[in-house]
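1. sequence first, then the predicted structure, then my questions.
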Amino acid sequence: QVQLVESGGGLVQPGGSLRLSCAASGFTLDSYAIGWFRQAPGKEREGVSCISSSDDSTYYADSVKGRFTISRDNAKNTVYLQMNSLKPEDTAVYYCATDPEFLCTAQAMGVPGLWGQGTQVTVFS
């Protein structure tokens, strides 16, 4: 079965860190661009970051640039999102997503078709 499974969310205080994982089953991630998205209650879904399949180019939304880092471990068939200096406004459900046509460049990211179930990140003071 082709699917993505996120993990690593949780509760953290402002300034803290979390590392989210996106594990794939049924296919190998190294052939795909992978994106991280988030959605907070009452807000639109936001593209946070992505990593390309061709040269591992990365994109970051302005809201997370300098604080979040996306990476992939092909041996583990997993993509990570390291989140540092977390802020209350980072609170959201985080999803990873992909598909064969997913656009990811250093300047922009599209909206893919295969999504994980999401993992909750809550930053509280």
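-> It's in. Every value quoted in this text rests on a predicted model; they were computed, and no experiment measured them. Residues are numbered from 1 along each chain as shown.

2. residue contacts, Q120?
-> By CB atoms under 8 Å, 6 or more residues apart in numbering, the contact set of Q120 is G9, G10, A92, V93, Y94. To be clear about C-beta, it is placed using only N, CA and C from the backbone, and glycine gets the same treatment.

3. quick one, which of these are buried?
-> Among the contacts of Q120, those classed as buried by neighbour count (16 or more other CB atoms under 10 Å) are G9, A92, V93, Y94.

4. any idea of the pLDDT on the first one?
-> Read that as G9. Among the per-residue scores, G9 holds a pLDDT of 98.

5. out of everything not next to it in sequence, what's closest to the residue lying farthest from the centre of the chain?
-> Most distant from the centre of the chain: S125, at 23.4 Å, with distances by CA atoms, centre = their mean. In this structure, S125 finds its nearest non-sequential neighbour in P14, 5.3 Å apart by CB to CB, 6 or more residues apart in numbering.

6. residues contacting the one you found?
-> P14 sits next to L86, K87, P88, V123, F124, S125 when contact means CB under 8 Å, 6+ apart.

7. in a markdown table: those, plus distance to E44, pLDDT and secondary structure.
-> Converted to a markdown table, those look like this (distance: CB to CB, whole Å; pLDDT from 0 to 100; DSSP: H, G, I helix; E, B strand; the rest coil):
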| residue | distance to E44 | pLDDT | secondary structure |
| --- | --- | --- | --- |
| L86 | 20 | 98 | coil |
| K87 | 18 | 98 | coil |
| P88 | 18 | 96 | helix |
| V123 | 19 | 98 | strand |
| F124 | 22 | 94 | coil |
| S125 | 24 | 83 | coil |
